[in-house]
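In: sharing a model that was predicted from the sequence below.
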Amino acid sequence: MHVITGLIYGSTLSLALGGCSAHPEPIIDTVGVNMAAYEADLEQCTAYSEQIRIEKGAAKGAAGGAVVGAATGAISGDVSRGAGYGAIWGATRYGTEADRDRQMVVKRCLRYRGYQVLN
C-alpha cells in the first residue's frame, strides 16, 4: 500500500513542481525585432515544447524510483517507506529535467527563427 501511495504522491509532487518551477521567458535582444511577430513565434515554439510530456515521464520516474527505493529500503528494513521516497525522488527528478528540456526547446526554436536569445 505504501508503494502505491508513494507513486501517487511522487506523480502529484512532480506535476506540482513542474507547474511551479521557474519558466523564465526567453530574454531576447529586441533591437529591430517586430514584437508582434516575436509573440507569435514564441507561442508556436512554446507549443512545440509541450510535446515533452512531463506527466508521463513523472509516472515512469516514480516507478523507477520506487524500485530503487524499495531495494534501498530492504537494506534498512523498511521496503515500503524506501519505495515511497524513491517514487517521490524519481518523479520529481524527471519533472525537473523535463521542464529544463522544454525551456531549451523554446530557446532553440527562437534561435532557429533568427532571434538572439540572451539566456
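Out: Great, that's in hand.

In: so which elements touch the longest helix seen in the chain?
Out: Determined from DSSP state H, the single longest helix within the chain is helix 79-112. For helix 79-112, the elements it packs on are helix 2-20, helix 35-49, helix 54-76, judged by 3 or more Cβ pairs under 8 Å, 6 or more residues apart in numbering; DSSP states H and E. Any C-beta I mention is one placed from the backbone N, CA and C, and that applies to glycine too.

In: pull the residues that contact the shortest one.
Out: Around helix 35-49, the neighbours that count as contacts under Cβ atoms under 8 Å, 6 or more residues apart in numbering are 25-26, 28, 30, 101-103, 105-106, 109-110, 113, 115.

In: please redo it, this time with the cut-off set to 7 Å
Out: With Cβ atoms under 7 Å, 6 or more residues apart in numbering as the test, helix 35-49 has contacts from 28, 102, 105-106, 109-110, 113, 115.

In: next, the buried residues of that helix.
Out: For helix 35-49, burial by neighbour count (16 or more other Cβ atoms under 10 Å) applies to 38, 41-42, 45-46, 49.

In: where among the helices and strands packed on helix 79-112 is average confidence lowest?
Out: If the helices and strands packed on helix 79-112 are sorted by mean pLDDT, helix 2-20 sits at the bottom with a mean of 48.

In: so for stretch 97-115, what gets flagged as buried?
Out: For stretch 97-115, by 16+ other Cβ under 10 Å, it's 98-99, 102-103, 105-107, 109-110, 115.

In: and the residues you listed, which is closest to residue 34?
Out: residue 115 (10.8 Å; Cβ to Cβ).

In: quick check: pLDDT value at the closest one.
Out: Looking at residue 115, its pLDDT reads 98.

In: wait, it touches residue 28, no?
Out: Yes: Residue 115 lies in contact with residue 28 (Cβ atoms under 7 Å); the separation is 4.8 Å.

In: doesn't residue 25 belong to a helix?
Out: No: in this structure, residue 25 is coil, not part of a helix, as judged by DSSP: H, G, I helix; E, B strand; the rest coil.

In: with adjacent residues omitted, what lies nearest to it?
Out: residue 42 (7.9 Å; Cβ to Cβ, 6 or more residues apart in numbering).

In: I appreciate the help and will end here.
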